[in-house]
Every structure is written in structure tokens, then in C-alpha cells.
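**Student:** Predicted model and sequence follow; I will ask about them next.
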Amino acid sequence: QVQLVESGGGLVQAGGSLRLACAASGRTGSIYAMGWFRQAPGSEREFVATVSRNGGITQYTDSVKGRFTISRDNAKNTIYLQMNSLKSEDTAVYYCAADRSGSSVVRTAQRYDYWGRGTQVTVSS
């Protein structure tokens, strides 16, 4: 089993920045792709970003390209999401996910095996 714990959420003004972290514990050697998703009230969970096991491959949803950066530190079993130029529409609960299938990157929520409990990000306009 793998446990994921997100941190770094909070309240920020539009145009500001936040850095989310997701620490993995347990059988971390079984983890391949990891990703960030978000869910706003009344909306479905949506893909934000994904990173490969060695951190060399990253993908983003179009709405965050150029503003968000996903990174990975395997020595710390942690991934990060640096969020800059935040907008009110970025307000959501952000979830971290981990995949054990061996895929390099994964954009589909249903394919992830492990999930964190989420951290709230609120952007005020």
C-alpha cells in the first residue's frame, strides 16, 4: 500500500503563487506516474498535471500550461505543483495520485491506484 499526503494549500489573491507538495509513504517503489487533479464545487474531478517516474516527462491540461509546473523528488518521495499567476477559476480541492501500472504518464483519474485526501486552494479575485 501507498499513502499520499498533500500540503501547501491555502488562500491567495489572484496573480499570486502557491506550491503544493505530495509526500508518499509505504511501498513507494511500486509507484510510477504521479499526478495532480482538482475538483471545484459542483464539478467533476479534472486532470491538472502528471509526471513520469524519473521526472523527465510532464504533461499539463491546457488551462494551466505556462503557469503551473509539476516536479518530482524521488529521494524525498515527494512531488510538487508550483502554481503561479493564479486565477479565481483555479479554486478547487487539489488531489495527488499515484499509479503502479508502469505507464510513464497518466492523465485519466480512473487509472490511478492511490489518492491523497486533498488540499484546498482558494484564489480570491
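**Tutor:** It's in.
**Student:** List the buried residues of stretch 92-112.
**Tutor:** Neighbour-count burial for stretch 92-112, with 16 or more other Cβ atoms under 10 Å as criterion, is recorded at 92-99, 105-107, 109, 112. C-betas here are computed from N, CA, C, even on glycine.
**Student:** Can you tell me which of those lies closest to Ser52?
**Tutor:** Distances from Ser52 to the buried residues of stretch 92-112, taken as Cβ to Cβ, are shortest for Val105 (5.4 Å).
**Student:** Mind jotting down where the strands sit in the chain?
**Tutor:** With DSSP state E as the definition, the chain shows strands at residue ranges 2-7, 10-13, 18-26, 34-39, 46-51, 58-60, 68-73, 78-83, 92-98, 114-115, 119-124.
**Student:** Just put these in a markdown table and tack on mean pLDDT.
**Tutor:** What follows is those, written out as a markdown table (pLDDT from 0 to 100):
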| stretch | mean pLDDT |
| --- | --- |
| strand 2-7 | 98 |
| strand 10-13 | 98 |
| strand 18-26 | 97 |
| strand 34-39 | 98 |
| strand 46-51 | 98 |
| strand 58-60 | 98 |
| strand 68-73 | 98 |
| strand 78-83 | 98 |
| strand 92-98 | 98 |
| strand 114-115 | 98 |
| strand 119-124 | 98 |
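**Student:** which residues touch the residue most central in space within the chain?
**Tutor:** With distances taken as Cα atoms, centre = their mean, Trp36 lies nearest the centre of the chain, 2.1 Å away. The neighbourhood of Trp36, defined by Cβ atoms under 8 Å, 6 or more residues apart in numbering, consists of 20, 22, 48-50, 70, 79, 81, 94-97.
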